[in-house]
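A.B. asks: Model the structure of this input:
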Amino acid sequence: MNTSALSYPEGAGRAVVVTGGASGIGAAIAAAFTDNGDRVVVMDRVSGNGTIGVDVADEASVQAAFVEARERLGSIDVLVNSAGLLTESPLESMSLDKWNETIAVDLTGVFLCCREVVGEMRQQKWGRIINIASQLAIKGGVGLSHYSAAKAGVVGLSKALALEMAADNVLVNCIAPGPIDTPLVEGISESWKAAKRAELPLGRFGTAAEVAPAALLLASDPGGNLFVGQTLGPNSGDVMP
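C.D. replies: This next block holds a predicted model:
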């Protein structure tokens, strides 16, 4: 990937944290930043091979993970919140536990991780926060009311935080992918996926590698400098705002 046009103000080498970075979209984003010459710390549910273990829904776990990340990186310049959970259930038969689990991981986890970095980013007068939402935040999905609600919350949280932080050159934005062939969608029924493919103008799901460049763009200077509270949609045409 040629990222020469996506340089940072001091060249490559920014300190980047990617949650959910051990697989899927998060892994592709972590690899893209690494290829760009940045220093990347990956957080995921299971530690090992340099990955910091974290439960993004647990406040103490998040705090401990970011302490370790700072020990490795110093300050944090870029945060990508990609950790997520996706299950399928009609609302009528959905348990409260399933609802709460999804909200905790997909929305509260974003809040907790953002809260860990905004103070230092404000102090250093530079930062980029990129939250992975979903096109379902905009259009909803059958059997996915909990996931759609959580991701809509991520979009709203990102817009509000963008307003709070922009004056200090800390830019907060979202990426809202369409359906992507990743481990996250393995638990969704084949009938749902077949119906979704039939809806897409491209006729196919995307790949994680096709999403990752949007994160590089949003973190770049000058390329990303005018994106404030925006939601980019690599979604195979599923949503056309």
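
A.B. asks: Low-confidence regions, the chain specifically.
C.D. replies: 1-12 (pLDDT under 70).

A.B. asks: Tell me where the longest helix sits in it.
C.D. replies: helix 145-165 (DSSP state H).

A.B. asks: Extract the C-alpha set from it and format it as CSV.
C.D. replies: Output in CSV follows, covering the C-alpha atoms of helix 145-165 (Å, rounded to 0.1, in the frame of the first residue of the first chain):
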residue,chain,number,x,y,z
SER,A,145,-31.8,-4.4,16.9
HIS,A,146,-29.3,-4.6,19.7
TYR,A,147,-26.3,-4.3,17.4
SER,A,148,-27.9,-1.5,15.3
ALA,A,149,-28.7,0.4,18.5
ALA,A,150,-25.2,0.1,19.8
LYS,A,151,-23.6,1.2,16.6
ALA,A,152,-26.0,4.1,16.3
GLY,A,153,-24.8,5.1,19.8
VAL,A,154,-21.2,5.0,18.6
VAL,A,155,-22.1,7.4,15.8
GLY,A,156,-23.8,9.8,18.2
LEU,A,157,-21.1,9.5,20.8
SER,A,158,-18.5,10.3,18.1
LYS,A,159,-20.3,13.4,16.9
ALA,A,160,-20.7,14.7,20.5
LEU,A,161,-17.0,14.0,21.3
ALA,A,162,-15.9,15.6,18.1
LEU,A,163,-17.6,18.8,19.1
GLU,A,164,-15.9,18.6,22.5
MET,A,165,-12.4,18.0,21.2
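
A.B. asks: what's downstream of it, the next helix or strand?
C.D. replies: strand 170-175 (DSSP states H and E).

A.B. asks: In terms of secondary structure, what does that following strand contact?
C.D. replies: Counting contacts by 3 or more Cβ pairs under 8 Å, 6 or more residues apart in numbering; DSSP states H and E, strand 170-175 packs against helix 109-124, strand 127-132, helix 145-165, helix 208-219, strand 231-232. C-beta: built from backbone N, CA, C; applies to glycine.
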